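I would like to see how this sequence folds:
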Amino acid sequence: MSALPISRRTIARSVRVLGIASASAALVLGAGGNAFACDIKDFSAEAKCDGDNGVITVTDVDPTGVPATVTVYLQNNGADLKKVGEQVVEGSRDGVTITFEEKWKPDAEYRVHVKAAGYVDEDIEPNLTTPSTACKKEGTPAPSDSPTPTPTPSDDASTPAEESPVPSPSEAESSAPADTTSNAPSPAGESNLAETGADSNTPLIAGIAVALVAIGGGAVFFGLRKRSSR
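You can find the predicted model right below:
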């Protein structure tokens, strides 16, 4: 049995069908690739604190890793007041975050622009607004690493002055000086009286004896005078 000859028309039709199928596949793959390519929706911005310092972070979750340039601007009444900074980021499925150091003030507004050639060239909407509370309060002193030394009281202040003890009444009486009259030398007359055992009545007795002697003498005198007159 001989093989049937293939006509040119059949070959041309087959080639046409293959071409259409290849074009369709290319369109599908291209559309799928663009669907997963870099997009503004892959980017997000946030203002937060790193200790006492303010920062602005931008995260890129583009799984294709297309390099993108991120630029941050401080806004004032809808216009760019200053350019905070510019960085290039290559995203990933898990996300890649870049940080801009900025001492932002509460309720400030920032515009974040993303540009990836051939993919995206626009701002993250809406604009970024910072929190209403600052990272560090104005006028608050920074904590010191070294502890404040505790003042040490001086020796004069810590040691009270020694006070002389006040003697109690009993001690005053017991400490009164002893009577030293017995040890002091007495006058001659008093010492003789003390040695003979005479007491304070001796002068009186001596006076009476003298008076009696005088009276006796007078009586004798008057007796003798009377006898001689006879």
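
Start and end of stretch 98-107, how far apart?
Across stretch 98-107, the straight-line distance between its terminal residues is 22 Å, by C-alpha to C-alpha, to the nearest Å.

Go through it and flag the buried ones.
F100, E102, W104 (16 or more other C-beta atoms under 10 Å). Yep, even glycine has a C-beta here, placed from its N, CA and C like the rest.

got these as CSV, with distance to G216 and pLDDT columns?
Putting the buried residues of stretch 98-107 into CSV (distance: C-beta to C-beta, whole Å; pLDDT from 0 to 100) gives the following:
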residue, distance to G216, pLDDT
F100, 148, 98
E102, 144, 96
W104, 142, 96
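
Now secondary structure and distance to K136 too, for these, in JSON lines please.
Converted to JSON lines, those look like this (DSSP: H, G, I helix; E, B strand; the rest coil; distance: C-beta to C-beta, whole Å):
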{"residue": "F100", "secondary structure": "strand", "distance to K136": "18"}
{"residue": "E102", "secondary structure": "coil", "distance to K136": "14"}
{"residue": "W104", "secondary structure": "coil", "distance to K136": "11"}
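
For this structure, which segments are assigned as strands?
Under the criterion DSSP state E, the chain contains strands at 43-50, 53-60, 67-76, 79-90, 96-101, 109-116, 120-123, 128-129.

For C135, which of those strands is the nearest?
Nearest to C135 among the strands of the chain is strand 43-50 (3.8 Å), distances taken as C-beta to C-beta.

Would you mind listing the outside residues contacting that closest one?
If you take C-beta atoms under 8 Å, 6 or more residues apart in numbering as the criterion, strand 43-50 is touched by 54-61, 68, 70, 72, 99, 102, 104, 108, 110, 112, 114, 124, 128-131, 135.

Strand partners (parallel or antiparallel) of it?
With DSSP bridges as the test, strand 43-50 is paired with strand 53-60 (antiparallel).

Pull out the buried positions in the partner strand.
Within strand 53-60, the residues that count as buried by 16+ other C-beta under 10 Å are G54, V55, I56, V58, D60.
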